[in-house]
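Novice: Dropping the sequence and predicted coords here.
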Amino acid sequence: MGTDWYPNSRDEQLHMVKTWNTVFVMQASMWNIPQNHISQLATDAQIAETILDKVKSGERTSIDVVQCNVVFKNMETEARFIKKHYLLMPPLTPADFPALLLPLPDETHSPIGPPTGQPALTVTYSGGPHLLTVHLAPLAGTEPPNKRGDYGYALYRGIMPKGGATLEQAAGIKHYLLKEPLSGDELLHYRFTRRKKEHVNFDADESGMTVYFCARYENQKGEHGAWGPVAAAIIP
C-alpha cells in the first residue's frame, strides 16, 4: 500500500527493522523507548532473517512457510507499536526520519480534516482452525468519511486469557489483556486495511481465549476518527 510507511516486501521489512536496530543503539534512550521493546525487535529481526533465508532456499517445507508468516507478522506488530508510541516528532527531528527509512510527517494543510463517522464490526468463524473473520462497515446511523480523504480502517485487537493475563503475559510481545477492554485505546495490535473483510489467524495455544476487536477510520496522513464499538469472540 503506497500510503503506508511499512514496506510491502519481506526483504524491505527486514532491512528497515535492522536499520532501526542499528539506530536504536545510539538513540533509543534519548527517545525513551523501553529496553524490552528494543530487545524484542532485535530478536524478531534475527529470527526473521534466519527463517527467510530458509524459505528462499530449495529446502523449505510448508511448516517453514507458516513459521515465516508468523515471525514476520510478530516483527511488524512490534515495529508498528514502537512507531506509534515512540517515533514521533518531537522528540525525533526531521533528520531522524530518513535515518530510520521513514517519511517525514506530513504537515501540509489539507482542506479535508480527520475522518468522520465510526465503523462497526462483526466477527464470524471462518471454518479453519484458529481463524476468525472480521467484517467492517459504517456504524448504523453514521456516514463514512469523505472518500477524497483516502481513508481505510485501523483495526486493533487484543487477546485475554481466561481470567485475565498475568503481568508477565501483559508485558510480553503479545501484550495479553489483564481485563476486558472498554475501548480501542486498550488494544495494542494494529492492522490497517481497506478491505471490508479481514481474516485473522491465531496461535494454537490461544484457542479458547477471548479476542477483542475495535476499529476506527484512518486517512493517508495517519489521522483517526472516533472509535467504533468493541466486539469480542472466542478463538476457535
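Specialist: Right, received. Where do you want to start?

Novice: Stretch 167-181 spans what distance, first to last residue?
Specialist: End-to-end distance for stretch 167-181: 16 Å, by CA to CA, to the nearest Å.

Novice: Can you list the residue ranges for strands in this protein?
Specialist: Ranges of strands in the chain, per DSSP state E, are 119-125, 131-138, 152-160, 189-193, 197-201, 210-218, 231-234.

Novice: where does the last one sit relative to the chain's centre, distance-wise?
Specialist: Using CA atoms, centre = their mean, to the nearest Å, the distance from the centre of strand 231-234 to the centre of the chain it belongs to is 18 Å.

Novice: how about the longest helix seen in the chain: buried residues?
Specialist: In the chain, taking DSSP state H as the definition, the longest helix is helix 62-85. Neighbour-count burial for helix 62-85, counted by 16 or more other CB atoms under 10 Å, picks out 67-68, 71-72, 74-83. (Each C-beta comes from the backbone N, C-alpha and C, glycine too.)

Novice: ditto for stretch 156-167
Specialist: For stretch 156-167, the neighbour count (16+ other CB under 10 Å) marks 156, 157, 158, 159, 160, 161, 165 as buried.

Novice: Is it possible to get CSV of these that adds distance to residue 22?
Specialist: As requested, these are arranged in CSV below (distance: CB to CB, whole Å):
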residue, distance to residue 22
156, 29
157, 30
158, 31
159, 32
160, 36
161, 35
165, 32
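
Novice: Looking at those, which two lie furthest apart in space?
Specialist: 156 and 161 (18.2 Å; CB to CB).

Novice: hang on, the earlier thing: got a markdown table for the buried residues of stretch 156-167, with distance to residue 26 and pLDDT too?
Specialist: Formatted as a markdown table, the buried residues of stretch 156-167 follow (distance: CB to CB, whole Å; pLDDT from 0 to 100):
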| residue | distance to residue 26 | pLDDT |
| --- | --- | --- |
| 156 | 31 | 95 |
| 157 | 33 | 95 |
| 158 | 32 | 96 |
| 159 | 34 | 96 |
| 160 | 37 | 97 |
| 161 | 37 | 96 |
| 165 | 33 | 93 |
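
Novice: give me the number of residues near residue 169?
Specialist: Here the number of neighbours of residue 169 (other CB atoms under 10 Å) works out to 16.

Novice: Hmm, residue 159 and it touching each other?
Specialist: No. Assessed by CB atoms under 8 Å, residue 169 is found out of contact with residue 159, at 9.4 Å.

Novice: which residues do the two both contact?
Specialist: residue 176 (CB atoms under 8 Å, 6 or more residues apart in numbering).

Novice: which non-adjacent residue is nearest the residue nearest in space to the middle of the chain?
Specialist: By CA atoms, centre = their mean, the mean C-alpha position of the chain lies nearest to residue 190, the distance being 2.8 Å. The shortest distance from residue 190 to any non-neighbouring residue, by CB to CB, 6 or more residues apart in numbering, is to residue 80 (5.1 Å).

Novice: Repeat that for residue 207.
Specialist: Sequence neighbours aside, residue 235 is the residue nearest to residue 207 in space, at 5.5 Å (criterion: CB to CB, 6+ apart).

Novice: and the one you found, what does it touch?
Specialist: Contacts of residue 235 by CB under 8 Å, 6+ apart are 130, 132, 159, 202, 206, 207, 208, 209, 210, 211.

Novice: could these be laid out in TSV, adding distance to residue 43?
Specialist: Compiled in TSV, the contacts of residue 235 are given as follows (distance: CB to CB, whole Å):
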residue	distance to residue 43
130	23
132	27
159	20
202	21
206	20
207	25
208	27
209	23
210	27
211	24
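
Novice: would TSV of the buried residues of helix 62-85 with distance to residue 220 and pLDDT be doable?
Specialist: Output for those, formatted as TSV (distance: CB to CB, whole Å; pLDDT from 0 to 100):
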residue	distance to residue 220	pLDDT
67	33	90
68	29	92
71	29	92
72	24	94
74	26	92
75	24	95
76	19	94
77	21	94
78	23	94
79	19	95
80	16	94
81	21	93
82	21	94
83	16	93
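
Novice: Thanks a lot, see you next time.
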